[in-house]
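Peer 1: Task: produce atomic coordinates for the following.
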Amino acid sequence: MRLRVEFTTEPFDLEEAPAHAVAAREVIQTAHLDAVDVGPFGNTAEGESEAVLTAVAALLRNSLEAGATRVSLQVNVIGTGEDTP
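Peer 2: Numbers count the residues shown, from 1 in each chain. As a prediction, the model looks like this:
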C-alpha cells in the first residue's frame, strides 16, 4: 500500500524556518520516500506504507522535541484509483 502524508508544524515564523520545521523536514528528506515536496506552508511526501508511517512517527517526535506546539498532518492511501490530489 502507498501513502501520501501532508503536514505542517507550528508556530509559524515567516522570517526563518523554526527548529521544529527544520527537524520535520529533515526527517522527511532523509526517509526512504519519494515525491517529497517541502515548502513554507506545507509539505508532502509519498511512499510505501511502512516507510511513511515510520517517518511520521519520527516527524512527530522530533518536531515536538524541537519546540512545535502543533503538528497538523493528513495521511491518505493512494494508488487505489480513488485518490484525490
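
Peer 1: Look through this protein and tell me its longest helix.
Peer 2: The helix that spans the most residues within the chain, counting by DSSP state H, is helix 49-65.

Peer 1: That one - contacts with which helices or strands?
Peer 2: In terms of contacts (3 or more C-beta pairs under 8 Å, 6 or more residues apart in numbering; DSSP states H and E), helix 49-65 is packed against strand 2-10, helix 19-30, strand 43-48, strand 70-78. (Glycine included, C-beta is placed from N, CA and C.)

Peer 1: how much distance is there from the worst-scoring helix or strand of the chain on mean pLDDT to the middle of the chain?
Peer 2: Across the helices and strands of the chain, the lowest-confidence element by mean pLDDT, DSSP states H and E is strand 34-38, at a mean of 87. Relative to the mean C-alpha coordinate of its chain, strand 34-38 is positioned 9 Å out (C-alpha atoms, centre = their mean, to the nearest Å).

Peer 1: again, but for stretch 59-78
Peer 2: Counting by C-alpha atoms, centre = their mean, stretch 59-78 is centred 6 Å from the centre of its parent chain.

Peer 1: Closest to the centroid, which residue in this protein?
Peer 2: By C-alpha atoms, centre = their mean, the chain has its centre lying nearest to residue 7, at 4.5 Å.

Peer 1: give me the number of residues near residue 14?
Peer 2: Here the number of neighbours of residue 14 (other C-beta atoms under 10 Å) works out to 7.

Peer 1: returning to what we had before: Throw the helices and strands packed on helix 49-65 into a markdown table and include distance to residue 62, thanks.
Peer 2: Putting the helices and strands packed on helix 49-65 into a markdown table (distance: least, C-beta to C-beta, whole Å) gives the following:
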| stretch | distance to residue 62 |
| --- | --- |
| strand 2-10 | 10 |
| helix 19-30 | 4 |
| strand 43-48 | 13 |
| strand 70-78 | 10 |
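
Peer 1: With residue 59 as the reference, name the closest of the ones you listed.
Peer 2: For residue 59, the closest of the helices and strands packed on helix 49-65 is helix 19-30, at 4.6 Å, according to C-beta to C-beta.
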